[in-house]
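Peer 1: test case, fold it:
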Amino acid sequence: MSLFAIADTHLSFGTDKPMDSFNGWQNYTQRLEKNWNAAVSEKDYVVIAGDISWAMNFDELKPDFDFLNKLNGKKIIIKGNHDYWWNTLTKMNAFIEGNGFESISFVHNNSVQLDGISVCGSRGWFFDSDEAQDEKVLLREVNRVKASIDSAVNDERIVFLHYPPVTQNTCCEEIVNLLKEKGIKECYFGHLHGSAAHSAFEGNIDGISFRLISADRLNFMPLLIRKF
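Peer 2: Purely as a prediction, here's the structure:
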């Protein structure tokens, strides 16, 4: 069994918003499917760290989840800033159960337990959010990351965020300080594409390793995180 991760799949089978017009995104769903199934087995897990789909509701989301459900392995999904379909955990679980999407689960104020590792995470917070940049939103996101980490049952906890907690020039101190406080050693994030990816910080800060996993940055190949 292995754990992989990727972010920003930006699927649009149920909407008319394909990413193919952007540089480097040509035939991205075909490339993603081919690469994913070549690397990932049915026994593996893949974290998708936000911006899963352009859908606005469950009806538009269904074709995208049908695509994901047919890919190899089990998928652990975290919210991104463009996941407008996102809802309460109860409603999302009812959606996947009602449609037979058995390979899909969510991290939302909780964590997923694997063999000696807990998968934790949330959307996080960053400085270009579409939402009003106020303390209330930041506090909510910090609390969600904390709730996810605190729910972990394994000593080794890996955090996946959608927004980067650090870049070359900025830092969300509240989230980074929380990761330090909780003893997190690895943090993976998405959100940054194209030329914006050059602003990503990838490296070690105070014992925490940060890595960008947006789909185009990974050439639409899920990144191997662990082999068990």
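Peer 1: just give me the residue right at the centre of the protein.
Peer 2: Geometric centre of the chain, nearest residue: Ala49, 0.5 Å, by C-alpha atoms, centre = their mean.
Peer 1: off-centre distance for the helix or strand harbouring Pro63?
Peer 2: Pro63 belongs to helix 58-70 when assigned by DSSP states H and E. Using C-alpha atoms, centre = their mean, to the nearest Å, the distance from the centre of helix 58-70 to the centre of the chain it belongs to is 16 Å.
Peer 1: buried sites along the next helix or strand along the chain from it?
Peer 2: Remark: after helix 58-70, the chain's next helix or strand is strand 74-78, criterion DSSP H and E. Going by neighbour count (16 or more other C-beta atoms under 10 Å), the buried part of strand 74-78 is Lys74, Lys75, Ile76, Ile77, Ile78. C-beta coordinates here come from the backbone N, C-alpha and C atoms, glycine included.
Peer 1: residues near the nearest residue to Asn23 once chain neighbours are set aside, how many?
Peer 2: Excluding the flanking residues, the one nearest Asn23 by C-beta to C-beta, 6 or more residues apart in numbering is Gly194, at 6.5 Å. Around Gly194 there are 13 other residues, counting by other C-beta atoms under 10 Å.
Peer 1: what do you get for Gln113?
Peer 2: Applying other C-beta under 10 Å, we find 13 other residues in the vicinity of Gln113.
Peer 1: look up phi and psi at it.
Peer 2: Dihedral pair for Gln113: phi -100, psi 120, per degrees, to the nearest 10.
Peer 1: now it, which residues is it bridged with?
Peer 2: Beta-bridge pairing of Gln113, defined through DSSP bridges, involves Ser118.
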